[in-house]
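K.L.:
mind looking at a prediction? Sequence and model below.
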Amino acid sequence: MLLMQFSAAGTDFPSIDTWSREEIAAHIAFMHEVNEKLAADGEWVQGEGLGGPQQARIVRAGAGGAPVVTEGPFAETKEFLAGWWIVDCETPQRAVEIAAHISTAPGPGGRPLNMPIEVHPVMSAPPQEM
């Protein structure tokens with residue numbers, strides 16, 4: 001699983017709500033191209049972009065298991081999950097290569113964002129060491 005994290009710390013580009021329509025369109029077109037290539041290569045399983053933290057909700061179980069919902073916006077949020085992909089690769093190194101390519105998604109002025117992409121194995125059982 002590849003997780004695209006947005007972190008205000010260590011970035012040198014403005015938030016996406018300040019980008020031009022053309023810059024947003026180029027960014028989204030890049031993501032569509034990534035997905036199409038992964039599908040053509042037989043590596044695509046699933047993936048989605050996610051709404052920002054102002055659209056997110058945090059849910060916990062309250063008394064008797066009833067949902068307790070905390071709503072945004074979360075002005076203090078410095079990091080959030082921007083999107084994810086599940087890929088089926090021959091090797092862990094291939095997942096790393098895909099993540100590096102996704103990290104080059106264009107931002108303002110077409111410059112690569114170099115956003116961090118986390119690579120996690122999807123587990124169907126506990127690790128063998130357990």
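P.N.:
Done, it's in.

K.L.:
which SS class is Q5?
P.N.:
Look at Q5: counting by DSSP: H, G, I helix; E, B strand; the rest coil, its state is strand.

K.L.:
tell me if I'm right that it and E79 touch.
P.N.:
Yes - Q5 is within contact range of E79, at 6.0 Å (criterion: Cβ atoms under 8 Å). To be clear about C-beta, it is placed using only N, CA and C from the backbone, and glycine gets the same treatment.

K.L.:
I'd like the next helix or strand past the strand or helix carrying H32.
P.N.:
If you go by DSSP states H and E, H32 is part of helix 21-40. Downstream of helix 21-40, the next assigned helix or strand under DSSP H and E is strand 44-49.

K.L.:
which parts of that following strand are buried?
P.N.:
By neighbour count on 16 or more other Cβ atoms under 10 Å, the buried set for strand 44-49 is W44, G47.

K.L.:
check stretch 22-40 too.
P.N.:
E23, A26, H27, F30, M31, V34, L38.

K.L.:
pick out whichever of these sits closest to P108.
P.N.:
E23 (5.5 Å; Cβ to Cβ).

K.L.:
other SSEs contacting the helix or strand of the chain with the lowest mean pLDDT?
P.N.:
The helix or strand of the chain with the poorest confidence is strand 2-7; it has a mean of 85 (mean pLDDT, DSSP states H and E). The contact analysis (3 or more Cβ pairs under 8 Å, 6 or more residues apart in numbering; DSSP states H and E) places strand 2-7 against strand 79-87, helix 92-103, strand 117-119.

K.L.:
could I get the ones you listed as JSON lines with distance to I58 and mean neighbour count?
P.N.:
Formatted as JSON lines, these follow (distance: least, Cβ to Cβ, whole Å; neighbours: other Cβ atoms under 10 Å):
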{"stretch": "strand 79-87", "distance to I58": "12", "mean neighbour count": "17"}
{"stretch": "helix 92-103", "distance to I58": "26", "mean neighbour count": "15"}
{"stretch": "strand 117-119", "distance to I58": "20", "mean neighbour count": "16"}
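
K.L.:
now T104. Nearest residue, chain neighbours left out?
P.N.:
P112 (4.2 Å; Cβ to Cβ, 6 or more residues apart in numbering).
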